[in-house]
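Participant: turn this into a model:
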Amino acid sequence: LLGDIQMDGITLTGGLAQLKGMKELIEKETGITVHVAKNPADSVVAGCFIGPYLWGLFSKRVTKLAVALGMGLSFAAIAVPTIVISLTSGFKSAIAVAPELGVISMAVSAVSVPVISLFTKNSEKESERIDSIFKPEKEND
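Facilitator: Down below sits the predicted model:
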């Protein structure tokens, strides 16, 4: 992974990618080539959806609120430590723990979605829609 980053660089996503001069600052401080995502505001969410996605595939009990909160908690699991580490130890230190933070973020998402779903409910209309998706297909005799 490190070799790939050194060879190909990193891609900025989210709000930081839209700040003027951020790309240049990171390149200067790290010596690594920085690219900006085509749609930076949309791509930051990509890593935060694993829990809702997986649970949504296999469980009718997942609720909209659980998905939203799971994604928010997952994002916070990356953003808060990254900011704290960057402010206390420098951005290079935050980059060094990025893979671990990514794994933690996925775990937070995967655990929080079903737990929150236990305590929340979908609307009747949403429940009917989910039931129709999970309804077994009729076999032709």
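
Participant: lowest-pLDDT helix or strand in this protein?
Facilitator: Lowest by mean pLDDT, DSSP states H and E among the helices and strands of the chain is helix 40-43, with a mean of 56.

Participant: tell me where this structure has helices.
Facilitator: For the chain, the helices defined by DSSP state H occupy 2-8, 14-17, 22-30, 40-43, 50-58, 64-89, 91-96, 98-119, 124-134.

Participant: and the spatially most central residue of the chain, how far from Pro114?
Facilitator: Centroid-nearest residue in the chain: Cys48, 1.7 Å away (criterion: Cα atoms, centre = their mean). The spacing between Cys48 and Pro114, counted by Cβ to Cβ, to the nearest Å, is 16 Å. In this view, the C-beta of every residue, glycine as well, is placed from N, C-alpha and C.

Participant: contacting residues around the residue nearest to the centre of the chain?
Facilitator: Shown in contact with Cys48 (Cβ atoms under 8 Å, 6 or more residues apart in numbering): Gly70, Met71, Gly72, Ser74, Phe75, Ile78, Ser105, Ser109.
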